[in-house]
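J.: Give me a 3D structure for the following:
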Amino acid sequence: MTGLTRQAATTFSFLLAVPVIGGAALLEGRKLFLGVKDGLPIPVLLFGAFVAFVVGVFSLRLLIRVISQRKLHWFAYYCLLLGTATTAWQLWSRLKG
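T.: Model prediction:
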């Protein structure tokens, strides 16, 4: 509605998340440097952050490509199927146990 292309709107919406993610990283990093540990060594945490970053970049590139090709409905079907299966699984496990 604002005249942006699909790709530009998608990129902008993900860029809006950067300050929030950066703030959360700063708060958690501050805890690490002050000595509050969750039991994991810092190199393991850094490796995990690096892997999450790489996977996130590839995932966002794929999502932007899917959105720009107007094939987002396939992702919606996937979310609907996975959400329904997860809800049914959780309800079943509560009724069973």
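J.: Show me where this structure has its strands.
T.: Remark: strands of the chain are absent; assignment by DSSP state E.
J.: Specify the helix with the largest residue count in this structure.
T.: In the chain, assigned by DSSP state H, the helix with the most residues is helix 42-68.
J.: could you say what helices and strands it packs with?
T.: Applying 3 or more CB pairs under 8 Å, 6 or more residues apart in numbering; DSSP states H and E, one finds that helix 42-68 makes contact with helix 6-15, helix 18-34, helix 72-96. (Each C-beta comes from the backbone N, C-alpha and C, glycine too.)
J.: Indicate which one of these is closest to residue 41.
T.: helix 18-34 (10.5 Å; CB to CB).
J.: and the closest one, what's its mean pLDDT?
T.: If you average the pLDDT over helix 18-34, you get 85.
J.: And for stretch 67-86?
T.: pLDDT averaged over stretch 67-86 gives 88.
J.: As PDB, could you dump the C-alpha coordinates of that stretch?
T.: Presented in PDB, the C-alpha positions along stretch 67-86 are these (Å, rounded to 0.1, in the frame of the first residue of the first chain):
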ATOM      1  CA  ILE A  67       8.300 -13.600  -0.900                       C
ATOM      2  CA  SER A  68       9.600 -11.800  -4.000                       C
ATOM      3  CA  GLN A  69       8.400 -14.700  -6.100                       C
ATOM      4  CA  ARG A  70       4.900 -14.500  -4.600                       C
ATOM      5  CA  LYS A  71       5.000 -18.100  -3.300                       C
ATOM      6  CA  LEU A  72       4.400 -17.300   0.400                       C
ATOM      7  CA  HIS A  73       1.200 -19.300   0.400                       C
ATOM      8  CA  TRP A  74       3.400 -22.500   0.500                       C
ATOM      9  CA  PHE A  75       4.900 -21.200   3.700                       C
ATOM     10  CA  ALA A  76       1.500 -20.500   5.100                       C
ATOM     11  CA  TYR A  77       0.400 -24.100   4.400                       C
ATOM     12  CA  TYR A  78       3.500 -25.400   6.100                       C
ATOM     13  CA  CYS A  79       2.800 -23.200   9.200                       C
ATOM     14  CA  LEU A  80      -0.800 -24.300   9.300                       C
ATOM     15  CA  LEU A  81       0.100 -28.000   9.000                       C
ATOM     16  CA  LEU A  82       3.000 -27.800  11.600                       C
ATOM     17  CA  GLY A  83       0.900 -25.600  14.000                       C
ATOM     18  CA  THR A  84      -2.000 -28.100  13.800                       C
ATOM     19  CA  ALA A  85       0.200 -31.100  14.300                       C
ATOM     20  CA  THR A  86       2.000 -29.400  17.300                       C
END
